[in-house]
Structures are given as C-alpha cells and as structure tokens.
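Undergrad: return a 3D structure for these sequence lines:
(chains A and B)
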There are 2 protein chains.
Amino acid sequence: MKALLEAGFKGELYAVNPSGGEILGLEAYPNVKAIPDPLDYVIASIPAQSILQLLDDCAAKGVKAVHMFTAGFRETGTEEGRRLEAEIARKAKMYGIHIIGPNCIGVYSPKINMPYGMANVIGEVGPVAFISQSGGVGWRVVRAGVCRGITFSKGVSYGNGCDLDSVDYLEYFALDPETKIIGAYLEGVREGQRLVQLLQQVSPTKPVILWKGGRTEAGAAAAASHTGSLAASDAVWGAALKQAGAIKVDNVDELVDTILAFHHLPWLAGRNVALVSGLAAGGGGDSVSSADSCTSLGLNVPPFTVETRNQLKIIHPVPGTIFRNPLDLSGAGLSLQVLGQAIDLVGADPNVDMVIIQEFVDDIVGMWPQGAVEEINDIFVSFRQRESKPIVVVLPPGLAEPERIAVGKYLSAARIPVYPTLERAAKALANMNQYLARKS
Amino acid sequence: MKALLEAGFKGELYAVNPSGGEILGLEAYPNVKAIPDPLDYVIASIPAQSILQLLDDCAAKGVKAVHMFTAGFRETGTEEGRRLEAEIARKAKMYGIHIIGPNCIGVYSPKINMPYGMANVIGEVGPVAFISQSGGVGWRVVRAGVCRGITFSKGVSYGNGCDLDSVDYLEYFALDPETKIIGAYLEGVREGQRLVQLLQQVSPTKPVILWKGGRTEAGAAAAASHTGSLAASDAVWGAALKQAGAIKVDNVDELVDTILAFHHLPWLAGRNVALVSGLAAGGGGDSVSSADSCTSLGLNVPPFTVETRNQLKIIHPVPGTIFRNPLDLSGAGLSLQVLGQAIDLVGADPNVDMVIIQEFVDDIVGMWPQGAVEEINDIFVSFRQRESKPIVVVLPPGLAEPERIAVGKYLSAARIPVYPTLERAAKALANMNQYLARKS
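TA: Next up is the predicted model:
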C-alpha cells in the first residue's frame, strides 16, 4: 500500500483490515465486501489460513483477479500446504476468478504507476515484458533494467502459479501490442508442450529470452522448496527451447544483458564484430583477450578491409599502433579527432556488423585532459545517432567509480548498451545474433 | 619521471635528454655516461632508432638492467623491426646487460615506491607477484588489485621479452621470499618445456594463476601484432598447465578474481559451499540460480545437517523461509540477531567448507532501518575474524552505488573477497579448490 501510494498509482485504492481504522490515511474496510465501489483487482497480504475466506468474499464482490503475496502452500512441501493450494485453485476456477500466485510479488505496470511489490521504483514505459516465477528475480530484472535504461510494458512474478502459469502470461504478452521483447525466468512448467508451441508462434515476431532455474540437481532441489517446481533436465529444456526459437540464457545477468541488447540496438546483420580498445592506456592485451572471448562466445572478429586499414594509418601514423581488428588505439595520441575518425572508419567497414568499445574511464580521467571523458563519450553517442550499426560500450569498474557511473548513465540514456565486462557484452550480442540467424 | 616523482620513489633519479636543460626540476644529462653517480637501472622512453646507441652508453657506464618502454620492433611484423630487436638481444648479451622489454611498462615495486608505468598508484606491499606480457593487462591487475584489497610484492610487464622472458621472471618469483602467490598473463613462450618444469617446481608451494592470451585464431593474430608472439593451441596449453599444477584462467577478471581468493582467504578444506541469500528481499530465485551456478562451475552445494536445520528453524520460525542450502533468509525478519546466528550456524555446519553471501546493498538500504548496512556487514567481518572457514560476499551493482562501493571497500579491507556476480565468486573458489585438491 505504501509503495502504491508513493508511486502515485493511477487507480482508486481501498484498504482492508478486520480491525478497521485507517491505513496510511485510507479508511480500512473490515472486508472486501464492505467496499462501496466495484473492484478490479485484490492484493492479498494475509495469513494462509484466511485465504479461502478471502476468495469467497471476492466472489461475492464480483472480483475477477486476486494477487496473493501470501506464502505457506505447496512450496512448504507439507500435505497441508499442497491441500490448501489445491483448494484455492478449485475455488478460483469455480468462481471464475484468476489467481496470480500464491507466494509472489505480482504485477508491475509502469503505465499505471503500479510498482513492483514494495519497491518504490517505477521507471519509464517501454517494450519489455517479463515473466518471473521468482519475485526476487523479477526485482533483479526491474532494478537492473531501470539502472541500465531498459523500459517495461508490464511484468509479473507468479510464484507457485496455482491458476495462471507461465504459459498464460506468455500468451498474454504474445498478443500484447505494447510488448515487443519478452524475458522470462521459470523454475518449472506444468504444460511443457503448450509452452513450446507458444514459443514457436511468438518467437518469429517477438524475441523470448528465457532463463530456466533448477538446471542442476542442487538448483532443482532449491526450486522445489522455493516454488514447488519439478524440473526437467537442462538438456531437455535446451533442445526444446532451441527448437522453439527461444533464446536460452543461464543466469540473471545474461537475461538482463540480452534483453538490453534487444532493447537498445538496431538488429544485427551478422556476427562480425569490430573491437576497439586502448582509448587511453595501451589496449594490446585487451585486444588479444577480447578477440579470444568474442570468438569463444560465438562472434566473429574479421580482418578490416585493406581500405579501412590504409585510412587508419593515414589518420594516426604512430609506430606501435595496431591497425588490425581488434583495433588498439593506444590513446590515439589523445586526439578526439583521431578517435572520432577511427570509430567512423571501423563502423563503416563492410566486414563489420557491430562495434564494441572497451572504455576504462579511470584511464581516461588519468591520461586525457579534463573534460575529455564527456567528449569521448559524445563521439559514441554521435555514432549511435547517425549510424545503423550497433555500438556497445564495455565499462569495467576501476579507480574512478563516480565518473564511470556517470558515463554509464549517459550512454544508457542514449540507448548504447553498457556492460561491465567484454565477455558479458559478447554473450549478449551472440545471443541476439543467434536469434536473428535462426529467424532469417 | 612524473609518476616516479609523485609516488616518492625511494632511490635517486636522474634525467637524460640530449638537449640538456631541466626535466621536472631535475638536471637533464645529455646521455647516461654524463651522470656522475653509478646507475642500477635505466628506463628508456626514446625512439627505436636510438636504442642501440643507448645500450652502448649503458655498457660504458656499467649499467646491468635496462627497461625499454620503446616500441617499434618485432611486433611491427617488419624485417627492420625484427632485425633491430635481434641486434638489441645480441648487444645486451655481449655487454652482460639484462633487458626488460622492449615494448613494455616494466617493473612495479610498491616497496620502493616504484609505480607501474605512468600510473600514479602505489598500493600496499603484500604477497602477490604478477608477470604480464601486456602492459595494459598488468595495469588491469594492479588497478583491480588496489581496488579490491590485493597487495603486491612486485610486478613486471615485459612486452616482446627479447632477453628476459616469462620463464626468467617466474624463476625469480619462485625464489622471492616476499612472493607467495603468482599471477601471469602470457601471449607466447619461447621455452615452453622450461616453463612447464618450473611450474611443476613452484606450484606445490606457491599457486601460479596463469592466463594465456591468443587461445583462438583471432586472439592469436592479435597477439602476434601485439607482442610478436606465436601461440600454441589452447588444448596443448591447458593440458600442459594442468599437468604442471598451475591454475588456468581465461580472462583478466578470472585472473584477478582467483588471485583475490588466494590473497584474502584461508585455504579451503573442500568444495562444499553454503549459499546464503535474501538478506533483505526474498532470495528464493537467487538460491536456485546460485545452486545451479556453483554446481555447474565445480563446487558442491551439500544439504545442511539435520542439527543445523533444526537450529535454523528455532532461531527464525517464519513460514516461507527455506531452511535448506541455499539458505533463503527472506529478510530474516530484519533482525540482526537472527542474521548473525544464521551465518554462524551454517558456517559451523560440518558439511560446509565455505560460505558465500549474496548481498544486494540497495535492497538493504530500501528495507532495513537506517544504519543496518553497516551492522549487517559487521556480522560478516566478525565471522571473518573469528572463524577459519572462508567467507565470500557477492555485491551486485544496483540502485545504491555509493553505498555498495563503500561496503565493498569495508569488506575488502577486512580481507573478505568481494565479487560482482555469484558466477565469478564460484569460479574463483572452484579454481582455488582445484589447486588445493591437486596438491593434497
């Protein structure tokens, strides 16, 4: 209630508490039936033993959807918990009420200023929808999304999913015109075959980035006690998802990283990457390792054309500079003009489908004149605005954290995806490319 | 020169420039022979074509070691560059002078306030030595090390290594009493067999964490133009390193992450990890994914003993809390006492060899009372000080970056290794465990 009020929820809010009185300035009704107006949606944060009574009241009031924060059901592993959850499902079906949960955070909808659970964070409205069986993972996605410039249509955490399940939410987002990209975290699925069919239908128009928890024995045991899920093997999941055209990821960072690439970037024409390092200090080692990482993770690091290499030599004729891909600018003589021209040249190379820049902000702060950090990043933003080829910036942590965080925000606002490591950038782009290659 | 002066280098400094005059307040001698005092070490930042004359002068002056920043030799791929480099090596051998480089940053020695190249960062003296063929990678190691609480005995970047090579530096650090842990980044090795023999000798007493760049075709091509190195295949390297007892890592983050574990932690008794999440918001999904990641990366997530589970139930009898490993505290009722007892209980479990905590600082800031961030982290520091089992904290970035950075510094100062993701923590610990298991 506090989070809804603080976020400026755009609908009417009613408080319910058997003791009456006031809650945060709102009159507390003794039960939902006592509320004078019609209700669209009920959020239940009450003990498990009162939940069946609440359903009866909601039915009497004509409520069509109930979100249950309440835990203490199937996930406890007890007979009592399982019985109670089955009874919720039975009653809900009988009454024609849909249940979100139990044991979940529920719906996030920035368009109507409905925050994600207790978090006082709304963020902008945008094309990404997420489906998360875990409330915590949903929050990781919203938080990282807001920090990194991802914008959401809607999101939902559904916990035990005793009525509406992942497949129902996926079906909704498949048809939702406000949603263009779908991210999902699942621990188990009741209707595996329907999920795969739906993924096959939705994937050609909307990328679905799917992370399945419980892919190891230890993880599956944790999933069983978290949301009462029984897991299929990782190999079975992997094969089914691939066949269905979904993008399989393995952890929350890869989920958000991949959503970020789809959210910010024009679609890739292929997997050929130009790597640029050494904006300040020498980037020779970074060049070697970034070439290794990109190649290992499924991208390709092609040679530049002879013309590009000749042009690079003309603009920056300094011994020790390596005019290959990866391009080690080794400070580019600390010239903004050389840097700008070099980025344009490698970006224009016909062998190149995307550009990844490795930017160590503390090196720039230490070696370039004051104000250069802003001017260097303006070069990338200008490229982003002028060119159709994706540009991505890797911003590793270092000795100048406030400056790095500021650069991250600036680039994110300009829809340049920012990653903390080259490996995470490369994996996200490889995931994007794999999806597009399968589609075409 | 500027960096040496600013860092307060503990020896005498002499400037050399053919034009004479002053450099940063020091008299500039026309050449090294004109310096009135004996010289231990010469740092050359002069054009490649003058380097042979410098060697002649150094020989006349009785200099025993020359560090060459100067580039433009074998790494250019030109006949002229190769010839000049061979001539340096020949002359140096003839004169009995040892060469560090060319094309490198040279020596880092915090004990004598010798900074790493131009970087104005010294840091504390400690047990870690690094050997880096790449100057930039050496800097990444120093920078990340200083940020994360790693302390160094000495370090060296040696570039083309025309005289002293990786094996010579490794031999030095093997015998150096100030060095207990060795990290290395190599692009190529001239004496592969000697390297493997040396690794076999040193590994039982000092862990050697070794990252080999150029493990893919694209990376090897970059290495050839960076330091003129010819690479062996990744499979050949991997097998040789494993046989020699070295710890193979694949990128700079994994190199620093693994050094960090050895630097901060008591040695592991085994690979059984207790995972703790949900310090503030629910950590159910984090539990599932951390169990998956740890298991996939070579750690084991064992069940707690019945006694531990019963004790956990007694201290925190709240429905929805999962008394398994991974332990999802789900806020632990926002009680410092419960949190402290829970950490002690899982740490004392005989099935557990180490504890990994997932801490989302912004969740704590958002949900706990003010001041709780400090008190929560005091619990981990107290555990670190009292207990011999390793404790590690994962601190992902989020909405409260200044607070997170402060926590990171606080934990690092208390020798608790901090990682930005669970996966990186797990990989570092798995690397450490693999080394110890091979040793025993």
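Undergrad: all the helices of the stretch 51-200 of chain A, residue numbers only.
TA: All helices of the stretch 51-200 of chain A, identified by DSSP state H, counting those that start in this stretch, fall at A:51-61, A:79-95, A:135-148, A:166-175, A:192-202.
Undergrad: look up the closest residue to the residue at minimal distance from the centre of chain A, ignoring the ones flanking it.
TA: In chain A, the centroid-proximal residue (CA atoms, centre = their mean) is A:Val256; its distance is 3.3 Å. In this structure, A:Val256 finds its nearest non-sequential neighbour in A:Ala144, 4.4 Å apart by CB to CB, 6 or more residues apart in numbering or on different chains. To be clear about C-beta, it is placed using only N, CA and C from the backbone, and glycine gets the same treatment.
Undergrad: show me the contacts for that neighbour.
TA: A:Ile150, A:Val252, A:Asp253, A:Val256, B:Pro397, B:Gly398 (CB atoms under 8 Å, 6 or more residues apart in numbering or on different chains).
Undergrad: shouldn't A:Arg438 be within a strand?
TA: No - applying DSSP: H, G, I helix; E, B strand; the rest coil, one finds A:Arg438 to be helix, outside a strand.
Undergrad: ok, it - contacts?
TA: A:Gly245.
Undergrad: same question, A:Asp56
TA: Contacts of A:Asp56 (CB under 8 Å, 6+ apart): A:Lys91.
Undergrad: also A:Ser166?
TA: If you count contacts by CB under 8 Å, 6+ apart, then A:Ser166 has A:Ile131, A:Gln133, A:Tyr158, A:Ala184, A:Leu186, A:Val189, A:Leu195 around it.
Undergrad: and it, what pLDDT?
TA: On pLDDT, A:Ser166 comes in at 92.
Undergrad: okay, it and chain B: tell me how far apart.
TA: 14 Å (CB to the nearest CB, to the nearest Å).
Undergrad: same check, this time on A:Ala34
TA: With distances taken as CB to the nearest CB, A:Ala34 is found 28 Å from chain B.
Undergrad: who in the stretch 101-250 of chain A is up against chain B?
TA: Neighbours of chain B within the stretch 101-250 of chain A, by CB under 8 Å from any CB of the partner chain: A:103, A:118-121, A:132-140, A:143-144, A:146-147, A:185, A:187, A:211, A:213-219, A:221-223, A:225-227, A:250.
Undergrad: so which of the residues you listed belong to strands?
TA: Members of these lying in strands (criterion: DSSP state E): A:Ser132, A:Tyr185, A:Trp211.
Undergrad: returning to that earlier point: buried only: go through the residues of the stretch 101-250 of chain A next to chain B for me.
TA: By neighbour count, with 16 or more other CB atoms under 10 Å in any protein chain shown, these hold A:103, A:118-119, A:121, A:132-140, A:143-144, A:146-147, A:185, A:187, A:211, A:213-216, A:218-219, A:221-223, A:225-227, A:250 as buried.
Undergrad: closest point of the stretch 151-300 of chain A to chain B, which residue?
TA: When scored by CB to the nearest CB, the stretch 151-300 of chain A has A:Gly285 as its residue closest to chain B, at 2.8 Å.
Undergrad: over to that residue: give its phi and psi.
TA: phi -70, psi -40 (degrees, to the nearest 10).
Undergrad: which pLDDT does the model give the closest residue to it other than its chain neighbours?
TA: Excluding the flanking residues, the one nearest A:Gly285 by CB to CB, 6+ apart is B:Ser134, at 2.8 Å. As summarised for this prediction, B:Ser134 has a pLDDT of 90.
Undergrad: wait, B:Ser134 touches A:Gly278, no?
TA: No - look at B:Ser134 against A:Gly278 with CB atoms under 8 Å: they stay out of range, at 10.9 Å.
Undergrad: need the residues touching each of these two.
TA: Contacts common to B:Ser134 and A:Gly278, judged by CB under 8 Å, 6+ apart, are A:Gly284, A:Asp286.
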